[in-house]
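Colleague: Sequence and predicted structure are below.
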Amino acid sequence: MKRIVEFPLESGDSILVEIDEPGQTDDRIGLRDDIIQKAQKTFESALDQIKPIANVIMTKVNSLNQPADEVGIKFGIKMSAELGAVIASGNSEINYEITLKWKREP
């Protein structure tokens with residue numbers, strides 16, 4: 001079941017995010033025909049949970065004998081009212097896509 005979660009921003013504003021999970025709290029407000037659940041974290045703090053993952057990948061990539069000139073990391077994120085940002089599982093075995101590019105020297 002899809003829910004709409006309101007994530008407060010550190011600026012005092014808020015954004016609405018559609019998530020795939022049932023509501024677990026009673027801290028909900030009505031908006032037209034939808035139910036909006038208030039998140040337990042700010043949007044920024046929810047996204048802070050992906051920093052360690054990105055940092056580990058970048059540390060490993062930078063430790064290569066010949067570090068890449070360009071690095072791209074792609075992964076899906078699901079938002080959860082209680083947990084914040086969660087790495088999304090896909091339809092396949094791959095959760096991360098890492099692209100490394102080296103420039104040829106003349």
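Modeller: The structure has been received and is ready for your questions.
Colleague: Span of stretch 59-74 from start to end?
Modeller: 16 Å (Cα to Cα, to the nearest Å).
Colleague: Distance from it to the middle of the chain?
Modeller: Distance of stretch 59-74 from the chain centroid (Cα atoms, centre = their mean, to the nearest Å) equals 21 Å.
Colleague: ok, longest helix in the chain?
Modeller: helix 51-62 (DSSP state H).
Colleague: continuing past that helix, what's the next helix or strand?
Modeller: Note on helix 51-62: by DSSP states H and E, the next helix or strand toward the C-terminus is strand 70-74.
Colleague: Pull up the pairing partners for the following helix or strand past that following strand, direction included.
Modeller: Helices and strands here follow DSSP H and E; after strand 70-74, the next one along the chain is strand 77-80. Counting by DSSP bridges, the strands paired with strand 77-80 are strand 84-87 (antiparallel).
Colleague: taking the mean pLDDT, what do you get for the strand it pairs with?
Modeller: Average pLDDT, strand 84-87: 69.
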